[in-house]
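Q: quick one: sequence plus predicted model below, questions after.
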Amino acid sequence: MSLTLEQITKNFRGFQAVEGVSFALERGEVVGFLGPNGAGKTTTMRMIAGLITPTSGKIRLEGKLSAMIEEPSFYPYLSGLENLKYAATLAGIPERSVGAALERVGLTERQHNRVSAYSQGMRQRLGLARTLMTEPDVLLLDEPTNGLDPQGVADMRDLIRDISSTGMTVLLSSHILAEVEKICPRVLIIAKGRIQADGRVRELFNQLGAEGVSMNIDTPEVDKALELMKNQSWVQDVFAHAGGTVVARIAHDDLFRVAPLMVEHRLPLLGLRPDVESLEQIYLRAVGDKTLAPTRADAAAQGNTGNTVKA
Amino acid sequence: MIFRVALAELRKARFKKRFWVLFIVMGVLVPLLQVLAAYFITRSVDGSSLDGGGNVSSAIAQNAATAFSLTRNFLGAALPFFILPIAAITGSFLIGEERGFKMWKVILVAQPNRPGVLTGKFLAGVTLLSMLILAAAVSSAVIGFLANLLLFQVPLQGDWGTLLPLLLLQCLVVAAPLALSMLLSSLIASPAMSLIGTVLLPSILEGIALLSISSQLNQVTPLNAPFQALKIQNLLQEIPRYFLTRNLNLGTGFAGSSASGGLFGGGGGGFGGGGNNPFNNLVSFSWSEIGWSVMVSAVYAAAFALLFWLAWRRRDVLD
């Protein structure tokens, strides 16, 4: 394991920010770290980075760690180049690494400009360059796409994909779930300071996803189709959309029945479209009822690691 | 680690305008103002009955417009005004600024050797202040040399062999106010308040301490015991020798030291204009007093550094 957290707890003067968080990242894994504001993501990342001392628990790290926690910070009166040189001197790495890091994030041309003149996207890229410069084994990225425009988000996503292909272990926190879904095969979901779900995205769909699929049936005979579907025992729920679509909730195993049924009753079928559930829906389901205080049962189950779900 | 941090901080300081401004004020403006004043005074007394056959104007030039005199005046007379502010500014640059720019999370990330980082910053601060003082002293010497060459042409006098060790020791003594400034910058979120605190707090606390001690002693002093009163008076005069501000500057004269042959005094230990120099005792010192000041400053530096370290020992970086 590259990084292992065992029962990490942080108490800020009576406020329990993180409670019994345990997980392990394998070498080369890219893991999404999701949770609402105040869930304990940043506190957990700061503890891993050594910026905050845990109240209890153990953090085991193998190899070198680098982190970009929240918005990257720089000395505004220094240029991008000088900021990286400063970090390189602190880390004891040769200054030639600075040029390579700047090139990697596409900031070579603006390296002599003061950071105060950089856009948000440039600052994010410079922050990433600084974290990559040390060639870490484990990389913590806390909201790296914050404040970026769509192109910036796409660029950052490509950069993170590049990084992950080098075998680096990455823990990525983000509010943009679609991005996490694209980059991270595995996600951790935290709420109220506790891990609520931990597993591969596909597995979480199976565990936390709704039963069945919402099938959109496009037909000009909406009323007849609606009536027909209502009479089928294998249809869990059905309603009609204005504009000629019947939406039927059907179990995965019964999906094949829809088209033959329509044909059998001579109802014109223009299209069949299943609603694909997104990570966002899974996430909302995992954290949705965690606005209340955690129960004792939650606390008892917290010690488990691996592909677990606490719904 | 310590030297890496110190090197990174010193490199960063090059880009900080405030240090260049401080150098210009201490090393250029202050000596230039002295040269200007000396020039106008010598011009006004030159050839007049006040001049005493050229002795007075020559003495003025020797004490306010030569390489030696300007360096000596910087060290003995100007530096006391600057030493606390420059230490406060340096401490703010090294510690307070990191909080303002949210740089602690960059500097201390995955950093197992936090004491090493803090020690490196302290070392950088002492080096930076020493460089500033040395640069200002060298600049004063250069300006004095040029001024004498171009304007006065008086014979050069002065014992550099005594002044240089004094200058180097002065660079060590700045460690105490620097440690205080770093401590206050760690404890106080506002950079302005930590700057003001470093400059004013020692004097205020020392004043309060002296006042309270003297008022307590006055209450217990029997009015009919003049010997006791004299003893207490001597005690009250001794107490400031333990104060931080009193021991910060090695070039200033200490009470009574001029009588035992000061830096520019007429006695055997002095150097300067000699017995007829009207500027005798302008700045005076003795090596025993300097040793005492270095020792007291070192104790303060160690105490502040310990408190600074304790403040950071298990500190969470939340900025």
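A: That came through, no problem. Only a predicted model underlies this, so the values are computations on that prediction, with no experimental measurement involved.
Q: low-confidence ranges in the chain?
A: Since no chain was named, I'll use chain A. By pLDDT under 70, the weakly predicted segments of chain A are A:1, A:205-211, A:276-278, A:280-281, A:288-311.
Q: actually it's chain B I care about, not the one you picked
A: B:50-54, B:220-227, B:251-285.
Q: for the stretch 51-200 of chain A, what lies in contact range of chain B?
A: Residues of the stretch 51-200 of chain A lying close to chain B by Cβ under 8 Å from any Cβ of the partner chain are A:51-53, A:64-67, A:69-78, A:82, A:85-87, A:89-92, A:130. All C-beta atoms are positioned from the backbone trio N, CA, C, and that covers glycine.
Q: can you select the buried ones from these in PyMOL?
A: One line in PyMOL is enough to select the buried members of these, burial here meaning 16 or more other Cβ atoms under 10 Å in any protein chain shown:
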select buried, chain A and resi 51+52+65+66+67+69+70+71+72+73+74+75+77+78+82+85+86+87+89+90+91+130
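Q: please flag which of the residues of the stretch 51-200 of chain A next to chain B sit within helices.
A: A:Glu82, A:Lys85, A:Tyr86, A:Ala87, A:Thr89, A:Leu90, A:Ala91, A:Arg130 (DSSP state H).
Q: leaving out chain neighbours, which residue sits closest to the last one?
A: Put plainly, it is A:Arg130. A:Ala87 (5.1 Å; Cβ to Cβ, 6 or more residues apart in numbering or on different chains).
Q: which residues sit in contact with the one you found?
A: A:Arg130, A:Met133, B:Val106 (Cβ atoms under 8 Å, 6 or more residues apart in numbering or on different chains).
Q: same question, A:Thr89
A: Residues in contact with A:Thr89 (Cβ under 8 Å, 6+ apart) are A:Glu95, B:Arg4, B:Leu7, B:Ala8, B:Arg11.
Q: look up how far B:Gln233 lies from it.
A: With distances taken as Cβ to Cβ, to the nearest Å, A:Thr89 is found 55 Å from B:Gln233.
Q: what's the answer for A:Ser73, then?
A: 56 Å.
Q: over to B:Glu206?
A: 18 Å.
Q: looking at the two, which one has more neighbours?
A: Shown here are B:Glu206 and B:Gln233; by other Cβ atoms under 10 Å in any protein chain shown, B:Glu206 has more neighbours (17 against 13).
Q: helix or strand for that one, which one?
A: Element membership of B:Glu206, judged by DSSP states H and E, is helix B:191-220.
Q: same check, this time on A:Lys58
A: Applying DSSP H and E, one finds A:Lys58 within strand A:56-61.
Q: contacting residues around that strand?
A: For strand A:56-61, contacts defined as Cβ under 8 Å, 6+ apart pick out A:1-9, A:20-22, A:47-48, A:138.
Q: A:Val31 falls within a helix, correct?
A: No - looking at A:Val31 with DSSP: H, G, I helix; E, B strand; the rest coil, it is strand, so not inside a helix.
Q: show me what contacts A:Asp155?
A: Applying Cβ under 8 Å, 6+ apart, the residues near A:Asp155 are A:Gly106, A:Gly121, A:Arg125, A:Leu148.
Q: next, the first one: secondary structure please.
A: Which is A:Gly106. Following three-state DSSP, we place A:Gly106 in the coil state.
Q: now do the nearest residue to it once chain neighbours are set aside against chain B, distance only.
A: In space, and not counting its chain neighbours, A:Gly106 is closest to A:Arg125: 6.7 Å by Cβ to Cβ, 6+ apart. Look at A:Arg125 and chain B: by Cβ to the nearest Cβ, to the nearest Å, they are 15 Å apart.
Q: mind listing residues that contact whatever helix or strand A:Arg125 lives in?
A: A:Arg125 is located in helix A:120-133, with elements delineated by DSSP H and E. Helix A:120-133 has contacts (Cβ under 8 Å, 6+ apart) with A:66-68, A:71-72, A:74, A:80, A:83-84, A:87-88, A:91, A:93, A:97-98, A:100-102, A:104-107, A:110, A:115, A:118, A:139, A:141, A:144-149, A:152, A:155-156, A:159, A:163, B:106.
Q: tell me the angle the next helix-or-strand element following it makes with strand A:56-61.
A: Sequence order places strand A:138-142 as the next helix or strand after helix A:120-133, per DSSP H and E. Interaxial angle, strand A:138-142 versus strand A:56-61 (axes from the mean of the first three to the mean of the last three Cα atoms, to 10 degrees): 120 degrees.
Q: buried set for the helix or strand that comes right after strand A:138-142?
A: Sequence order places helix A:150-164 as the next helix or strand after strand A:138-142, per DSSP H and E. By neighbour count with 16+ other Cβ under 10 Å, helix A:150-164 contains the buried residues A:Gly152, A:Val153, A:Asp155, A:Met156, A:Arg157, A:Leu159, A:Ile160, A:Ile163, A:Ser164.
Q: do stretch A:107-119 as well
A: A:Leu107, A:Arg110, A:Gln111, A:Arg114, A:Val115, A:Tyr118.
Q: dump those into TSV; add distance to B:Ala88 and secondary structure as well.
A: Supplementary listing: the buried residues of stretch A:107-119 in TSV, determined by distance: Cβ to Cβ, whole Å; DSSP: H, G, I helix; E, B strand; the rest coil:
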residue	distance to B:Ala88	secondary structure
A:Leu107	36	coil
A:Arg110	35	coil
A:Gln111	33	coil
A:Arg114	26	strand
A:Val115	26	helix
A:Tyr118	30	coil
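Q: possible to save those residues as JSON lines with distance to A:Ile189?
A: Listed next are the buried residues of stretch A:107-119 as JSON lines, based on distance: Cβ to Cβ, whole Å:
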{"residue": "A:Leu107", "distance to A:Ile189": "33"}
{"residue": "A:Arg110", "distance to A:Ile189": "37"}
{"residue": "A:Gln111", "distance to A:Ile189": "38"}
{"residue": "A:Arg114", "distance to A:Ile189": "40"}
{"residue": "A:Val115", "distance to A:Ile189": "34"}
{"residue": "A:Tyr118", "distance to A:Ile189": "33"}
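Q: any idea how far the residue in chain A sticking out farthest from the centre is from chain B?
A: Relative to the centre of chain A, the most outlying C-alpha is that of A:Arg266, 45.5 Å out, by Cα atoms, centre = their mean. A:Arg266 sits 68 Å away from chain B, going by Cβ to the nearest Cβ.
Q: how about that residue, secondary structure?
A: Going by three-state DSSP: A:Arg266 is coil.
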